[in-house]
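Peer 1: Below are the sequence and a predicted model for it; my questions follow.
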Amino acid sequence: MLVTTEKPVIVDKPDCKLPTSLFLPPNPERKGEGGLRTKGYFKHSYKRVGKNWHICDTEGNPVFPCPLEVNAKILEYLQGLNEVDTTFGSGSITELPLITVVTVVKNAERWIEKTIASVVTQSYPNVEYIIIDGESVDETREILKKYDSFVDYWVSEPDTGIYDAMNKGTVLSTGQWILYLNAGDFLYADNVIERIFVSYFARRKENENDVALIYGDWVSFFSDYSFAFKPLPLKHLRTRMCFAHNACLFKVDVVKKYGYRTEHAISADYELLRWLYVKGLSFYYLQGLISCVNCEEGKSQTHLWTSFKERIIIASHQDGKHWILIFFQNFLREFLIAVLGKFFRIDFFGVKMSEKVRYWVRRLRYGSILWASERGKWPNQVNSAQVQSKNTRKVLCQR
C-alpha cells in the first residue's frame with residue numbers, strides 16, 4: 001500500500017460536472033465517516049522521471065518527487081513483477097496509476113465484508129477504496145469501522161438512491177481510473193487489478209492513450225447456478241447491456257464529465273455506457289474475468305419492467321432510433337421469458353419446469369457464455385481473517 005501525508009494536487013477539467021473533493025460536505029444527518037483520509041493519509045498516481053518516481057496530480061502529471069520510502073516500495077514491487085515476467089526489462093514501466101474502487105451499500109451486512117476483502121487484498125499496491133453507505137440500519141456501519149485502516153474513505157449518510165451514492169464516490173475519487181463494485185459483488189481474484197495493470201497500462205501503445213473504458217469478462221452468480229460471461233460485440237450497446245457495469249474501469253475524468261443521472265432508478269449505468277458508445281469514445285476489451293456480480297440482490301434483476309421502460313426512454317432520448325428494437329429484443333427475450341420462468345409451475349416427468357426455464361433464461365441472458373457451474377461452486381473469495389492479519393498471499397499476474 002502506497003500512502004503519504006501529502007494531500008493530492010487536484011486538477012479538474014473545465015467541463016467537469018462532478019468536481020473532485022477529498023471529503024463530502026458537512027451533513028447534519030451523517031451517521032459516521034472514517035478511513036485513511038480522516039487520519040491524514042492519502043494516495044496518488046506515480047510516474048518515473050529520470051531515475052526517480054514522482055507524485056502526480058489527479059490528471060496524471062508528475063508534480064514533485066515522492067518520499068524515499070514510497071520510492072523504495074515501488075521499486076520492490078516492480079522487481080517482483082520482473083521476477084515473474086522478464087519481458088518488462090529494467091525501467092520499462094514508467095507509471096503506476098492510482099485505481100479507485102467505489103462501493104455503494106445499504107443494509108448489506110450479509111455481503112459487504114466479502115466485497116471489502118476482495119478489494120483490500122489486491123496485489124496491485126496502488127488501489128484507492130471509497131465506500132458510500134446509505135445510512136444502513138443493520139451491522140454494515142460496524143463492519144466499515146472494522147476496516148477503517150484499510151479503506152481510504154467511507155461515509156454513512158442518507159442519499160437519494162444508488163446513482164446519487166455512485167456520484168458521491170466519483171467526486172471523492174483522486175485516481176485516474178475507477179471501478180464500481182457494489183455491495184455483494186466481488187473482484188474475481190486478488191490479482192485482478194494487477195493483471196489489468198500489466199496487460200494494459202504497462203504494455204499499451206501510444207494510440208491507446210485515449211481509451212475511455214476498459215472492460216472484461218465476469219461471473220454472474222445466483223443461489224443455484226453461476227455463469228461466466230464474455231461481452232457481446234459493442235454494437236449491442238444501442239439496445240442492451242453487453243457487458244457488466246461492475247466488470248469495467250472508466251477513465252475518471254470521463255465519468256466526472258457526465259456523471260450518473262439520478263432520475264433513473266435502475267438504468268443510469270446503461271445510459272452512461274450507451275452515451276459513451278454513441279459519442280464514439282474508445283473502449284478496450286481485456287480478456288479475462290474481472291468481477292463476480294451478485295444477481296440475487298441486483299435491482300435490475302428484481303425490477304425488470306422498470307429497467308425495460310428506462311432503456312426505451314434512454315434510447316429515444318439519445319438518438320431516437322432504437323426503441324422498437326429494444327422493445328422486441330428486451331421484452332421478448334428478457335422480461336416475458338423471465339416472468340414465465342418465475343411463475344411457471346407445471347411439472348414435466350417429475351421435474352419442475354420453472355427451475356429449468358430459469359436456468360436457461362439466466363444462461364442465455366447475455367448470450368456469450370464461458371462456463372456454467374452448479375449451486376455454490378463459484379470462485380471462493382478471500383476472507384476477513386486474511387485481511388486483519390495482513391498475511392495475504394501475493395499472487396502475481398497469471399499469464
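Peer 2: Sure thing, it's come through. Numbering: from 1, shown residues only.
Peer 1: Which parts of the stretch 51-200 of the chain are strands?
Peer 2: Secondary structure of the stretch 51-200 of the chain (DSSP state E, counting those that start in this stretch): strands at 52-56, 62-65, 95-96, 99-105, 127-133, 153-156, 177-180, 186-187.
Peer 1: For residue 28, find the nearest of these.
Peer 2: strand 153-156 (13.4 Å; CB to CB). Every residue, glycine included, has its C-beta placed from N, CA and C.
Peer 1: Would you mark the buried spots in the closest one?
Peer 2: By neighbour count with 16 or more other CB atoms under 10 Å, strand 153-156 contains the buried residues 153-156.
Peer 1: same check, this time on stretch 32-41
Peer 2: In stretch 32-41, counting by 16+ other CB under 10 Å, buried: 33-37.
Peer 1: Same list (the strands of the stretch 51-200 of the chain) but as a markdown table, adding mean pLDDT and distance to residue 11.
Peer 2: Formatted as a markdown table, the entries for these read as follows, by pLDDT from 0 to 100; distance: least, CB to CB, whole Å:
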| stretch | mean pLDDT | distance to residue 11 |
| --- | --- | --- |
| strand 52-56 | 95 | 10 |
| strand 62-65 | 95 | 10 |
| strand 95-96 | 92 | 16 |
| strand 99-105 | 97 | 16 |
| strand 127-133 | 97 | 16 |
| strand 153-156 | 97 | 19 |
| strand 177-180 | 97 | 16 |
| strand 186-187 | 94 | 28 |
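Peer 1: Include distance to residue 82 when you put the ones you listed into CSV, please.
Peer 2: Supplementary listing: the strands of the stretch 51-200 of the chain in CSV, determined by distance: least, CB to CB, whole Å:
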stretch, distance to residue 82
strand 52-56, 16
strand 62-65, 22
strand 95-96, 14
strand 99-105, 21
strand 127-133, 21
strand 153-156, 33
strand 177-180, 23
strand 186-187, 24
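Peer 1: if we can go back for a sec, tabulate the buried residues of strand 153-156 (JSON lines), appending distance to residue 249.
Peer 2: Supplementary listing: the buried residues of strand 153-156 in JSON lines, determined by distance: CB to CB, whole Å:
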{"residue": "153", "distance to residue 249": "19"}
{"residue": "154", "distance to residue 249": "21"}
{"residue": "155", "distance to residue 249": "23"}
{"residue": "156", "distance to residue 249": "26"}
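Peer 1: correct me, but residue 290 touches residue 187?
Peer 2: Yes. With contact defined as CB atoms under 8 Å, residue 290 and residue 187 form a contacting pair (7.1 Å).
Peer 1: Just flag the most distant two among the buried residues of stretch 32-41.
Peer 2: Across the buried residues of stretch 32-41 (CB to CB), the longest gap, 11.8 Å, separates 33 and 36.
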